[in-house]
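Engineer: Let's see this in three dimensions:
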Amino acid sequence: MSKGDKTKAIPVRISENWIERIDDVAKTTHLGSRSDLIKLCVTSFVEHFEKSNKTELPLDWNGMLKELDGRTHRYEKNKG
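Structural biologist: As a prediction, this is how the structure comes out:
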């Protein structure tokens with residue numbers, strides 16, 4: 001989604017404890033905001049599901065990133 005796209009807010013109820021935890025992770029990882037972190041998690045999950053038809057949780061982030069990144073496959077293929 002590009003920055004020029006109009007989006008609509010999606011109301012999601014999250015407990016105060018989870019809001020604090022999400023905000024801490026967003027701050028620690030320099031992702032910007034809780035909204036950015038939530039979008040990253042949701043879009044990563046959906047993209048992974050659409051490509052692999054796998055719904056495993058928690059996500060294997062390292063494996064998923066390798067699957068989504070063509071450079072990793074080229075590197076692994078040429079490595080040995």
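
Engineer: Quick check: next helix or strand after the helix or strand harbouring I22?
Structural biologist: Assigned by DSSP states H and E, I22 falls within helix 16-28. Sequence-wise, the next helix or strand downstream of helix 16-28 (DSSP H and E) is helix 34-52.

Engineer: in that next one, what's buried?
Structural biologist: R34, L37, I38, H48 (16 or more other Cβ atoms under 10 Å). C-beta coordinates here come from the backbone N, C-alpha and C atoms, glycine included.

Engineer: Now flag whichever of those residues is closest to I10.
Structural biologist: I38 (9.5 Å; Cβ to Cβ).

Engineer: thinking that closest one is in contact with I22, fair?
Structural biologist: Yes. At 7.0 Å, I38 counts as touching I22 under the criterion of Cβ atoms under 8 Å.

Engineer: Would you check how far apart K39 and N53 are?
Structural biologist: Distance, K39 to N53, using Cβ to Cβ, to the nearest Å: 22 Å.

Engineer: Any stretches of this protein with poor pLDDT?
Structural biologist: Residues of the chain meeting the criterion pLDDT under 70: 1-4, 57-59, 64-65, 68-80.

Engineer: can we see that at 90?
Structural biologist: By pLDDT under 90, the low-scoring segments of the chain are 1-12, 29-32, 36-37, 39-49, 51-80.

Engineer: Just the C-alpha atoms of stretch 16-29, please, in PDB.
Structural biologist: Taking Å, rounded to 0.1, in the frame of the first residue of the first chain, the C-alpha atoms of stretch 16-29 are listed here in PDB:
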ATOM      1  CA  GLU A  16      -3.900  -1.600  28.200                       C
ATOM      2  CA  ASN A  17      -1.300  -4.300  29.000                       C
ATOM      3  CA  TRP A  18      -1.000  -5.200  25.400                       C
ATOM      4  CA  ILE A  19      -0.900  -1.600  24.300                       C
ATOM      5  CA  GLU A  20       2.000  -1.000  26.600                       C
ATOM      6  CA  ARG A  21       3.800  -4.100  25.300                       C
ATOM      7  CA  ILE A  22       3.200  -3.200  21.600                       C
ATOM      8  CA  ASP A  23       4.400   0.300  22.200                       C
ATOM      9  CA  ASP A  24       7.500  -1.000  24.000                       C
ATOM     10  CA  VAL A  25       8.400  -3.200  21.000                       C
ATOM     11  CA  ALA A  26       7.600  -0.500  18.500                       C
ATOM     12  CA  LYS A  27       9.900   1.900  20.300                       C
ATOM     13  CA  THR A  28      12.700  -0.700  20.900                       C
ATOM     14  CA  THR A  29      12.700  -1.800  17.300                       C
END
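
Engineer: No further queries at this time; thank you.
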